[in-house]
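Undergrad: Let's see this in three dimensions:
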Amino acid sequence: MLSMGEQKLIAFARAMICSPKLLFLDEWTESLDDSAAQRLIGLVRRQQRAGNTVIMVSHDYRIVRELADYILMILGGQFFLKFSKQQIEEDEDLSRYVERGIAS
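TA: Residues are numbered from 1 along each chain as shown. Next comes the predicted model:
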C-alpha cells in the first residue's frame, strides 16, 4: 500500500535504471513533497546535461520554466502555441500568459 507519491518515485527509479535516452514525464512531481520533487528535478537536469531528451507534461509553471527549452500548449487535443524558453524570458506579458495557461 504505497502512496501516490511513493508510486511515482518508484516508477521514476525504475525508468532511470534503464539509462533512458528519452524520458517522458507526465505530472511527475504531483503528489510529492518539495524535497522529493527537488531531488527529481536534479536528476532530470542531469539527464538533460547528458544530452538526453526529456518530454514532460506539467501544470507546475515553476518546474516548466526551470527545465523546459520549449513549451508547447495543447488546447482541445491540438497544438495551440509553441514558445522557446528565451521568448518567454524576454517577454513579461507572454510569460504571464503562459503561466496562466499552464496553471489552468
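
Undergrad: which intervals of the chain have sub-threshold pLDDT?
TA: Within the chain, the ranges that satisfy pLDDT under 70 run 103-104.

Undergrad: what ranges do the helices span in it?
TA: Here the chain has its helices, by DSSP state H, at 4-17, 34-49, 61-67, 85-90, 92-103.

Undergrad: just how off-centre is the second one within its chain?
TA: Put simply, helix 34-49 sits 10 Å off its chain's centre (C-alpha atoms, centre = their mean, to the nearest Å).

Undergrad: and it, which residues are buried?
TA: For helix 34-49, the buried set under the neighbour-count rule, 16 or more other C-beta atoms under 10 Å, comprises 36-37, 40-41, 44, 47. Bear in mind the C-beta positions are built from the backbone N, C-alpha and C, glycine included.

Undergrad: again with the fourth one
TA: Buried residues in helix 85-90, defined by neighbour count with 16+ other C-beta under 10 Å: residue 88.

Undergrad: Repeat that for the last one.
TA: Within helix 92-103, the residues scored as buried using 16+ other C-beta under 10 Å are 95, 98, 101-102.
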